[in-house]
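[1] Mind looking at a prediction? Sequence and model below.
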Amino acid sequence: MNAFTYARAADVADAVRRAGAPDARYLGGGTNLVDLMRETIERPSALIDVTGLPATIEEREDGGLLIGAAARNTAVAEHRAVRSRYPMLTRAIVAGASGQIRNMATVGGNILQRTRCAYFYDHAGSRCNKRVPGQGCDAIEGLSRTHAILGASPSCVAVHPSDMCVALAALGAIVHLQGAGGGRVVPLTDLHRLPGDHPEIETVLEPGELITAVELPALPLARRSTYRKVRDRASYAFALVSVAAALEVRGDTVADVRIALGGVATKPWRAWQAEAALRGAPATEASFRAAAEAELAEARPLRDNGFKVELAARTMTAVLGELQGGGA
Amino acid sequence: MSITINGSAAELPDDPRVSLLDYLREHRQLHGTKKGCDQGACGACTVLVDGVRILSCLALAVQYEGRSVTTIEGLSDGDGLHPVQRAFIEHDGFQCGYCTPGQICSAVGMAAEARRGVPSSVTADLSAEAIPLDHDELRERMSGNLCRCSAYNGIVAAIQEALVGAEAVR
């Protein structure tokens, strides 16, 4: 690990001011950044500890929630309002990592965690455009079983690893940011960038900009929502495919729906096309399957990950069927 | 800068690169907490901070200034063994023993989480106030602690006896 200075931010303004230093990074629970620093993939000169910043979960009068970015993953998953109003978020969080890691990891850090692509981690033996921009990518022609089928580019096929972000994408979460020039809000679905020619630039955050909170809009249909994760082990493994979904059926028709995918894309993947195909459609398994196929029409599998296309279609169909049947 | 380790105040290191795990083992000579993978994958380094289980390998010691850390050496309140330690012996919850301190600290933190109603990915009813720790819940909640000797059946039995109650053993 390279040498760095360490400081605790007293408040948001103090954090943003300190982040003006060259190569400064914000430190949350450390579950990803400390590991990457030990691997010397991340080499910050200054760490600004933001775990002392607001971590409260505020229930708003309109039924929404405002979650401080320093809230630990466990605190969000166990919150009563999250469990009752946004069960897919609780289920997504507890599907990720382990109990110990969820106790450490913050909401802001979860959003900004980096890919677990093995070629990104293999700094001694592999080329990676995220690590060394313009170097080339050994993942595309390499062992590609876990890589993305959606949103990839000739520069990068690395999957965004978060479970929590898949639920946040489906729920239409709004991310609150604070920078030296002021504050702004960005929808979670617009926060992460597609890799394109610059996979090293992973979000729309400006240098030094800090995630201060995540806002969950009121969304009554999310009371009937869930998250299903398909992985190689029963627990403590990243997703091959995951689906966050909420479904509202009136009569025999889909009145409203929210769907997002994990494990298959370079960013938390809101399934806009599947949602559009489903609104107003008959609430049948055939509709669910057709909507899933519409979303996956753009899928571009590599040598080893073609199975993800069918797995994602089946998982989406099954989750929507489960929600229609009353499970949540 | 100070920290409390097993009830005693101690000075933190000047170098912020020192992990909580290395601080415990190399600076405080508390070798019970084990370094397995050193990358957050195995759970051998699990300790309790203010009663909450965390991975000390992914924790920078300086981040825990003012906090109270409990390691396997400080788990029992006297000279005897903690009930979970006794149950691990009774149920053969280990072979080589390397993962055991992490397993035991994790189990103690895990039980507190379940008592206050933290759901897991196998919890059917998210509205439950407290979650009964049946076999599937225990396996899921302890999945962050690997045992290369695969003493999992004994580990689950030990935790059930010590933290759930003998009536739940099945």
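    Noted; the coordinates are in hand.
[2] and the residue in chain B positioned nearest to chain A, what is it in contact with?
    Chain B approaches chain A most closely through B:Gly144 (2.4 Å), counting by CB to the nearest CB. In short, each C-beta sits where N, CA and C put it, glycine included. Contacts for B:Gly144 (CB atoms under 8 Å, 6 or more residues apart in numbering or on different chains) come out as A:97-101, A:236, B:43, B:46, B:55, B:106.
[3] swap in A:His160?
    Contacts for A:His160 (CB under 8 Å, 6+ apart) come out as A:115, A:192, A:262, A:265-268.
[4] one step back: surely the residue of chain B closest to chain A is within a helix?
    No. Assignment of B:Gly144 by DSSP: H, G, I helix; E, B strand; the rest coil gives coil, placing it outside any helix.
[5] Backbone dihedrals for the closest residue in space to it that isn't next to it in sequence, please?
    Spatial nearest neighbour of B:Gly144, chain neighbours left out: A:Ser98 (2.4 Å); criterion: CB to CB, 6 or more residues apart in numbering or on different chains. In terms of degrees, to the nearest 10, the main-chain angles of A:Ser98 are phi -130, psi 170.
[6] Roughly how far does A:Ser98 sit from A:Val254?
    With distances taken as CB to CB, to the nearest Å, A:Ser98 is found 36 Å from A:Val254.
[7] ok, now B:Asp15?
    Using CB to CB, B:Asp15 is found at 58 Å from A:Val254.
[8] Who has more neighbours out of those two?
    A:Val254 (24 against 14; other CB atoms under 10 Å in any protein chain shown).
[9] Say whether chain B is contacted by the host helix or strand of A:Leu168.
    In this assignment (DSSP states H and E), A:Leu168 forms part of helix A:164-171. No. Among the residues of helix A:164-171, none lie within reach of chain B under CB under 8 Å from any CB of the partner chain; the closest is 12.8 Å away.
[10] Just the residues contacting that helix, thanks.
    With CB under 8 Å, 6+ apart, helix A:164-171 has contacts from A:73, A:76, A:86, A:88-89, A:91-93, A:96, A:107, A:110-111, A:188-189, A:192, A:214, A:216-217, A:219, A:222, A:225, A:227, A:242-246, A:258-262, A:268-270.
[11] Could you list every helix and strand in contact with the next helix or strand along the chain from that helix?
    As assigned by DSSP H and E, the chain's next helix or strand after helix A:164-171 is strand A:174-179. When contacts are defined as 3 or more CB pairs under 8 Å, 6 or more residues apart in numbering or on different chains; DSSP states H and E, strand A:174-179 sits against helix A:12-18, strand A:182-187, helix A:188-191, strand A:210-216.
[12] what about the next helix-or-strand element following the first one, near chain B?
    If I follow you right, that is helix A:12-18. Once the chain leaves helix A:12-18, the next helix or strand it forms, by DSSP H and E, is strand A:24-27. Yes. Strand A:24-27 reaches chain B (CB under 8 Å from any CB) through A:Leu27.
[13] mind listing what strand A:24-27 pairs with, with the direction of each?
    Using DSSP bridges, strand A:24-27 pairs in its sheet with strand A:46-49 (parallel).
[14] any idea how far the strand it pairs with is from the chain center?
    23 Å (CA atoms, centre = their mean, to the nearest Å).
[15] Buried residues, the very next helix or strand once past it. List them.
    The helix or strand immediately downstream of strand A:46-49 is strand A:57-59, counting by DSSP H and E. Neighbour-count burial for strand A:57-59 flags A:Ile57 (criterion: 16 or more other CB atoms under 10 Å in any protein chain shown).
[16] Kindly report the same for stretch B:98-112.
    Neighbour counts over stretch B:98-112 (16+ other CB under 10 Å) mark B:98-111 as buried.
[17] Among those, which one sits closest to A:Ala180?
    Of all the buried residues of stretch B:98-112, A:Ala180 sits closest to B:Gly109, with 39.0 Å by CB to CB.
[18] So the closest one is in contact with B:Gly43, correct?
    No. Counting by CB atoms under 8 Å, B:Gly109 stays clear of B:Gly43, with 11.0 Å between them.
[19] what's the neighbour count on the residue nearest to B:Gly144?
    Using other CB under 10 Å, A:Ser98 is surrounded by 26 other residues.
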